[in-house]
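**Q** How does the following fold in three dimensions:
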Amino acid sequence: MATKPGEYHRNMDKQIVQSLKSLHAKFDKLLTKSSPPALIKRVKKVEDKLMALTPEVQKLIDDVTANKDGVDAALAGLAAEGTQITDLTTRVADLEAQLAAGGTIGAEDLAAIQSGLAVLEETNTKLQTAVPAGVSAKR
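**A** Predicted coordinates:
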């Protein structure tokens, strides 16, 4: 189909104008969404969502901190118990050496061993009650 002279250019001009109007409408819409008040509103919505999560997040942080503190306390207790065992082992070894050398063991020596055992038992009891029943290192 033949077009009249100049009709092609008029049609192209109409298409270009229509495309420009469409782009202008899209640009206006984009500007409206991105205007400072619109951006502030969107940021506020995000902030509100974050604030709603804050109590949940804080509870998780508190739970993790409590678990970490419990583990740290248990490790410190085990280290103290280890030191007590080492000290008691050293005392017993010294007494064995004293006996092997022909010496005797006095009441003070036995009282020191008994005192060390009592402290060790007390520490062990505290550690056992600090760890909930059924907790195992195996997972």
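**Q** so where's the protein shaky on pLDDT?
**A** Filtered on pLDDT under 70, the chain yields the residue ranges 1-6, 8-9, 27-28, 30-35, 131-139.
**Q** longest single helix anywhere in it?
**A** Under DSSP state H, the helix in the chain containing the largest number of residues is helix 36-100.
**Q** Quick one: distance of that helix to the chain centre.
**A** 10 Å (Cα atoms, centre = their mean, to the nearest Å).
**Q** That one - contacts with which helices or strands?
**A** helix 107-130 (3 or more Cβ pairs under 8 Å, 6 or more residues apart in numbering; DSSP states H and E). Yep, even glycine has a C-beta here, placed from its N, CA and C like the rest.
**Q** Now do the helix it packs on: distance to the chain's middle.
**A** Worked out by Cα atoms, centre = their mean, helix 107-130 lies 36 Å from the chain centre.
**Q** who's in contact with it?
**A** When contacts are defined by Cβ atoms under 8 Å, 6 or more residues apart in numbering, helix 107-130 is touched by residues 70, 73-74, 77-78, 80-81, 84-85, 87-88, 91-92, 95, 98.
**Q** try it again with 6 Å
**A** Here helix 107-130 makes contact (Cβ atoms under 6 Å, 6 or more residues apart in numbering) with 77, 81, 84, 88, 95.
**Q** can you list those in a markdown table and add distance to Ala25 and neighbour count?
**A** Shown next, in a markdown table, are these (distance: Cβ to Cβ, whole Å; neighbours: other Cβ atoms under 10 Å):
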| residue | distance to Ala25 | neighbour count |
| --- | --- | --- |
| Gly77 | 71 | 16 |
| Glu81 | 77 | 16 |
| Gln84 | 81 | 18 |
| Leu88 | 87 | 17 |
| Leu95 | 97 | 18 |
